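1. What follows is a predicted structure for the sequence shown.
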Amino acid sequence: METHHIVPVAQGGSDDTENLQHLHAPCHKQVHSKSKTWLEVRLEPCDW
């Protein structure tokens with residue numbers, strides 16, 4: 001599991017729990033590659 005910032009720190013996001021989402025590493029990679037949003041990844045089954 002990896003921790004993802006919903007609103008990136010560079011864009012003013014905080015380390016508060018409300019701004020964090022745990023994702024599996026492959027899902028986290030999808031979010032950062034911009035192929036999916038964190039919500040899409042969260043709602044869909046992860047292929048890991």
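-> It's in. Numbering: from 1, shown residues only.

2. Can you get me a residue count around the residue nearest to residue 25 when sequence neighbours are not counted?
-> Leaving aside its sequence neighbours, residue 25 sits nearest to residue 2 (CB to CB, 6 or more residues apart in numbering; 5.5 Å). For the C-beta atoms, the positions are set from N, CA and C on the backbone; glycine is no exception. Look at residue 2: counted by other CB atoms under 10 Å, it has 14 neighbours.

3. Give me the residues contacting the helix or strand of the chain with the lowest mean pLDDT.
-> Least confident element among the helices and strands of the chain, by mean pLDDT, DSSP states H and E: helix 38-43 (a mean of 74). With contact meaning CB atoms under 8 Å, 6 or more residues apart in numbering, helix 38-43 is reached by 4, 6, 21, 23, 27, 28, 30, 31.

4. Which positions in stretch 28-43 come out as buried?
-> Neighbour counts using 16 or more other CB atoms under 10 Å place 28, 30, 31, 36, 38, 41, 42 of stretch 28-43 among the buried residues.

5. Just the CA atoms from that stretch would do, formatted as CSV, please.
-> This file holds the C-alpha atoms of stretch 28-43, laid out as CSV (Å, rounded to 0.1, in the frame of the first residue of the first chain):
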residue,chain,number,x,y,z
HIS,A,28,-1.1,4.7,-7.4
LYS,A,29,1.0,4.5,-10.5
GLN,A,30,-2.1,4.8,-12.7
VAL,A,31,-3.2,8.0,-10.8
HIS,A,32,0.2,9.6,-11.3
SER,A,33,0.4,8.6,-14.9
LYS,A,34,-2.9,10.5,-15.3
SER,A,35,-4.6,7.5,-16.8
LYS,A,36,-7.2,7.5,-14.0
THR,A,37,-8.2,9.8,-11.1
TRP,A,38,-7.8,8.6,-7.5
LEU,A,39,-11.6,8.2,-7.3
GLU,A,40,-11.8,6.0,-10.4
VAL,A,41,-9.0,3.9,-9.0
ARG,A,42,-10.7,3.7,-5.6
LEU,A,43,-14.1,2.6,-7.1
